[in-house]
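[1] Sequence first, predicted model second:
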Amino acid sequence: MSILEIKHFSKSYSNNNKATDDVNIVVESGDIYGFIGHNGAGKSTTIKATVGVLEFEEGDIFIDGNSVKKDPMACKRITAYLPDNPDLYENLTGIQYLNFVADIYGVSAEDREKRIKEYGDRLEITSALGDLIESYSHGMKQKVALISALIHEPKLIVLDEPFVGLDPKAAHTLKEIMHEMCERGSAVFFSTHVLDVAQKLCNKVCIIKQGKIVTHGSIEEIIGDSSLEDVFLEITDDSESQSADVADS
Amino acid sequence: MNRSNIILLKNIIMASSSLNKARHTSDKKVKRRAWGALAIEILLGTMLAVYVGITVYGYGYYGMGDIIPMLLGLVICLISFVFTFFKAGGYLLAFREYDMLMAMPIKTSGIVWAKFMHMFILGLKWCAWITIPVIILYGYFMHPNPTVYVLWLILVPFISLIATVAGSVLSILISGIGANFKHKRAVQTILTVLLVLACFFLEFIIGADADMEIKDMLATLREEIENVCNVLRPAKWFAEAINDAKPLSILLVILSAVAFTELFIRVLSIKYKKINSRLTASSANRDFKLKTQKAKNIYMTIAYKEFKRMTFSTTYMTNIALGGILTVILGVAAFFVKPESLMSAIQTGGTGEIPEYFTSYAFLIPAIPFFAYLLGGMMMSTCCSLSLEGKSLWIIQSMPIDVMTLLKGKMLFNMLLITPPVMVAVLGLSFCLKAGAVNWLLFEILSVVLCAAGTVRGMCCGVRFVKYDWVNEIEVIKQGTAATVYVLSHMFGMMILITLVTSLSAYINTALINVIFIVAASVWTLLDYRHLCRISAKRKVI
């Protein structure tokens, strides 16, 4: 069953540059789906449109059958988002921020306490939850943002470069959490530049270049006997030379 | 002053210029906003020029044109001081690009100089708006030598510079003192509020005695201006330079401005890193133990978040909470003040006979809720709370919370903040003016309705002029279009209502007036709320 369906998604900004062009992605229940591309390829645009942060006109995005355009609330209730550089409310303590998020999602007091304890201990951030977010390092903010994303047990978790700024232990814990979520029937959709991690962690990937999907599918189909890095470099080089050929002709 | 300092100043000005942004973007919304901000600035500048011009015209008309330069000197000092005092902490210390600049091969004194000069230049444009009409009127009444105009234009920036330094010194002192404490923001807020209250009461003490003709009032004010200028010597030197072209006075203005500035920059540069390090360091215990958590309803959780946001920022606190503090002081003071004293504080000297009704304090009674609300509703958190989401907007955008729920939570916070002080002021004023129990009850109901009306109006302004891409929160709280539009409409609106209600009270029973206004204000609030629903859906603010 597909948790996330992105259909013919295109986004242009006011200068008529297309950030994404006819993007089609399907993420099914249990998938850890890697979204890979170079800087400025359109990954963040796609992700932001999926989670309702960015408006778009062309195409549609469905989360568990609900349209992001027509029923954004239903989509947001079952989705969690973690941006690459989470600007949190610095004036709140970690625990105040988590309670704020839990209140918005309607998580009961018992459930939030259980989940904050579980993820706080696993990410080794519990002792810092009483301090202002202002005093946190980037990695600590990532951890708190991650807990806030998991606190309502989302069906779909969307992460933009989640491993940036995390220490190795926290990165390992995040991978474990991703697996656990997928075993429970949820799905993970994340963008990354760290191709080693994507290769080991994901069961499916897609590669985006200059706003267009150049390849997608299961990790085994995509990489074959080679590595994801080699495939990525080959595909993106091929795309460049094709563009050059078209330009020459 | 070396080349890298000038380059830095130039780039700081460009980086903060909305016109530069508009020039290099293809986003039509950004361009429109930049031009809109410029239009509002021109409008405000014009209003300021007209207000100062009318005052100056009065002096010229009554043959006191020689006081005009002194008055201008004082006004420029006041404006430069006030603008700087509230901004300097955020501009000069712990700003966003601090780390980047301090890592560059630029001397600390150069960075301090560039940031200070940027702040000074921003304030100078307001001085220009005041100076131009004053020069014109001075020329009209006094027919000075043409060199006076040149001298005037040269000396005004120096006068402003002195006051800018003074404002910066106080602001930095407060920030520096606060930096030594664990709860630095609380300390800074308390010190700022105390200083502002002291200024308010100082102004009250040296205010003109209200019971006189205009000419006499101007003459008394003249005396007081001269007294103040004997303390604030630069304003006096400025007046002497313009009126009498005294070379010594000219030199004193220029040299004192340059010397003051140089001293300030050198001293601040020595302590700069230390103060910034203390300000940016946050105390962290890292000893939290998870206890039983409580769930709140969605509106209270948003209101609580707003409360924490407000108390986190000295600028936000002093702007929003100060009105409430003054309102409570008014209410408490009214318990101890005689109605006749209140009466003489409000009455202004006019020509002609005043009808008997207006010579007793009874005519003030129907205006009690409006007086209380005039002060308590001076600034609404709803004007800027949406914009203050800033870079954290993604949190709200990605959560299952619709825009009206969010706005209701913000409005709830504002109501909880302003309604109690206004009700206290109504109680105190009703007691002072012997309004009676029935009137008092009706006044309290009206004051709550007025608070609701102001809350919704502030929210409409906040939605209509939302700005998320601010770098310093001062851009939203102090310089924001939403706040400016709200404050101006509030002030003028309340003055009109106070005049209306006091006039009506001569012919209509107070209780009836109150009932009429309760109904009218309630209808207004409902209509404005519907308008808010429409514009927030149309503008897609989250």
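    Ah, there it is.

[2] I'd like the domain boundaries of the chain, if you could list them.
    All of this refers to chain A. Split into domains by automatic domain parsing, chain A comes to A:2-78+A:154-248, A:87-153.

[3] Chain B, not that one
    Following automatic domain parsing, chain B resolves into domains at B:3-280, B:298-539.

[4] Of these, flag the one that's most buried.
    domain B:298-539 (a mean of 19; mean count of other CB atoms under 10 Å in any protein chain shown). (C-beta placed from N, C-alpha, C; glycine too.)

[5] right, is that domain up against chain A?
    Yes. Among the residues of domain B:298-539, B:298, B:301, B:304-305, B:308-309, B:311-313, B:390-392, B:394-395, B:397-402 lie within reach of chain A under CB under 8 Å from any CB of the partner chain.

[6] for that domain, what is the average pLDDT?
    For domain B:298-539, the mean per-residue pLDDT is 89.

[7] Output the residue of the stretch 101-250 of chain B whose distance to chain A is smallest.
    Among the residues of the stretch 101-250 of chain B, residue B:185 lies closest to chain A, at 9.1 Å counting by CB to the nearest CB.

[8] Could you say which helix or strand holds that residue?
    helix B:184-205 (DSSP states H and E).

[9] what mean pLDDT would you report for that helix?
    On average, helix B:184-205 scores 75.

[10] Check stretch A:12-24 too.
    Here the average pLDDT along stretch A:12-24 is 84.

[11] where's residue B:449 relative to chain A, distance?
    29 Å (CB to the nearest CB, to the nearest Å).

[12] That residue - nearest residue in space that isn't next to it in sequence?
    Leaving aside its sequence neighbours, residue B:449 sits nearest to residue B:521 (CB to CB, 6 or more residues apart in numbering or on different chains; 4.4 Å).

[13] Packing partners of whichever strand or helix holds that neighbour?
    Residue B:521 belongs to helix B:510-539 when assigned by DSSP H and E. Secondary-structure packing of helix B:510-539 (3 or more CB pairs under 8 Å, 6 or more residues apart in numbering or on different chains; DSSP states H and E): helix B:403-432, helix B:437-464, helix B:481-504.

[14] Who are the packing partners of the helix holding residue B:185?
    Packing partners of helix B:184-205 (3+ CB pairs under 8 Å, 6+ apart): helix B:68-92, helix B:146-178, helix B:298-312, helix B:314-334.

[15] And these: which comes nearest residue B:456?
    Of all the helices and strands packed on helix B:184-205, it is helix B:298-312 that lies closest to residue B:456, at 15.2 Å by CB to CB.

[16] What helices and strands are in contact with the closest one?
    helix A:94-105, helix B:184-205, helix B:314-334, helix B:403-432.

[17] Now do the third one against helix B:184-205: the angle between them, please.
    Looking back up the chat, that one is helix B:314-334. If you take axes from the mean of the first three to the mean of the last three CA atoms, to 10 degrees, helix B:314-334 sits at 50 degrees to helix B:184-205.

[18] CA atoms of helix B:314-334 as CSV?
    Only the C-alpha atoms of helix B:314-334 are listed here, as CSV (Å, rounded to 0.1, in the frame of the first residue of the first chain):
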residue,chain,number,x,y,z
THR,B,314,13.8,42.4,26.1
THR,B,315,12.7,44.3,23.0
TYR,B,316,9.4,42.5,22.8
MET,B,317,8.7,42.7,26.5
THR,B,318,9.4,46.5,26.7
ASN,B,319,7.2,47.2,23.7
ILE,B,320,4.3,45.0,24.7
ALA,B,321,4.3,44.7,28.4
LEU,B,322,5.3,48.3,29.1
GLY,B,323,1.9,49.6,28.2
GLY,B,324,0.3,47.1,30.6
ILE,B,325,2.7,48.2,33.4
LEU,B,326,1.9,51.9,32.8
THR,B,327,-1.8,51.1,32.8
VAL,B,328,-1.6,49.3,36.1
ILE,B,329,0.3,52.2,37.6
LEU,B,330,-2.4,54.5,36.3
GLY,B,331,-5.1,52.4,37.9
VAL,B,332,-3.3,52.1,41.3
ALA,B,333,-2.3,55.8,41.3
ALA,B,334,-5.9,56.8,40.6
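
[19] That helix: how far from the chain's middle?
    In terms of CA atoms, centre = their mean, to the nearest Å, the centre of helix B:314-334 is set 13 Å apart from its chain centre.

[20] what's the angle between the helix holding residue B:521 and helix B:481-504?
    Using the same axes, to 10 degrees: helix B:510-539 against helix B:481-504 is 160 degrees.

[21] Of all the helices and strands packed on helix B:510-539, which one comes closest to residue B:232?
    Across the helices and strands packed on helix B:510-539, closest to residue B:232 is helix B:481-504 (CB to CB), at 27.2 Å.

[22] how about the helices in chain A?
    Using DSSP state H, the helices of chain A run over A:43-50, A:72-77, A:94-105, A:109-122, A:138-150, A:168-183, A:195-201, A:219-223, A:228-248.

[23] Make a markdown table from the ones you listed and add mean pLDDT and mean neighbour count to it.
    Formatted as a markdown table, the helices of chain A follow (pLDDT from 0 to 100; neighbours: other CB atoms under 10 Å in any protein chain shown):
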| stretch | mean pLDDT | mean neighbour count |
| --- | --- | --- |
| helix A:43-50 | 94 | 24 |
| helix A:72-77 | 94 | 19 |
| helix A:94-105 | 95 | 23 |
| helix A:109-122 | 96 | 17 |
| helix A:138-150 | 95 | 23 |
| helix A:168-183 | 94 | 16 |
| helix A:195-201 | 91 | 17 |
| helix A:219-223 | 91 | 16 |
| helix A:228-248 | 68 | 13 |
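
[24] Need the ones you listed in JSON lines (columns: distance to residue B:362).
    JSON lines is the format used below for the helices of chain A (distance: least, CB to CB, whole Å):
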{"stretch": "helix A:43-50", "distance to residue B:362": "62"}
{"stretch": "helix A:72-77", "distance to residue B:362": "55"}
{"stretch": "helix A:94-105", "distance to residue B:362": "50"}
{"stretch": "helix A:109-122", "distance to residue B:362": "56"}
{"stretch": "helix A:138-150", "distance to residue B:362": "59"}
{"stretch": "helix A:168-183", "distance to residue B:362": "71"}
{"stretch": "helix A:195-201", "distance to residue B:362": "79"}
{"stretch": "helix A:219-223", "distance to residue B:362": "85"}
{"stretch": "helix A:228-248", "distance to residue B:362": "84"}
